[in-house]
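> Sequence first, predicted model second:
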Amino acid sequence: MTRTVALVGCGSEKREQQTEAKSLYTSSYFAKKRQWAEGCDAWRILSAEHGVVHPETALEPYNTAMDDLTEADTQEWARDVMDDLRPFLAAFDEVVILAGSDYVDPISDEIEQADVTIRWPFQGKRLFEQMEWLQHTAPPDQSTIGSFD
């Protein structure tokens, strides 16, 4: 049986108070990615501010976007993300990345060296095409999809 983890890009629209990361981002786009990811064995959020975030981690609202990072900051972000992901990914056969190129490009070379199958269904797709993919592609196991706060 294939064990799948999803990596979900965060969103710019956020609640105004501290909450679990999975509920912090309020856009319909993030909600669709979250719903799909919850059908996987596990999922994590890729945050420009915090790196790899467990969905239940409490976060304060923040305004950092990948575009705000300098090249040196982006390289440091990528190192930190991969340091967190390397041991975590060992438990999975497949990684599905539901994030834009601003999150994927800095880690692409190193994540492709991991001993897992990497799927990036958003590659080369515009936002409406990504939303369409999310709507028409079933997650690996829909029985785990939870209700939203």
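Right, received. Where do you want to start?

> what's next to the longest helix that the chain contains, contact-wise?
Secondary structure of the chain per DSSP state H: the longest helix is helix 71-89. Residues from elsewhere that reach helix 71-89 (Cβ atoms under 8 Å, 6 or more residues apart in numbering): 5, 7, 44, 46, 48, 51-52, 66, 69, 95, 106-107, 110-111, 114-116. (C-beta placed from N, C-alpha, C; glycine too.)

> out of those residues, which are inside strands?
5, 7, 44, 46, 51, 52, 95 (DSSP state E).

> Contacts only, for the last one.
Same thing as residue 95. By Cβ under 8 Å, 6+ apart, residue 95 lies in contact with 4, 5, 6, 7, 89, 111, 114, 116, 117, 118, 119.

> sec struct for residue 33, please.
Under DSSP: H, G, I helix; E, B strand; the rest coil, residue 33 falls in the helix class.

> Give me the below-cutoff pLDDT ranges for the protein.
141-149 (pLDDT under 70).

> Contact partners for residue 101?
Per Cβ under 8 Å, 6+ apart, neighbours of residue 101: residue 123.

> Thanks a lot, see you next time.
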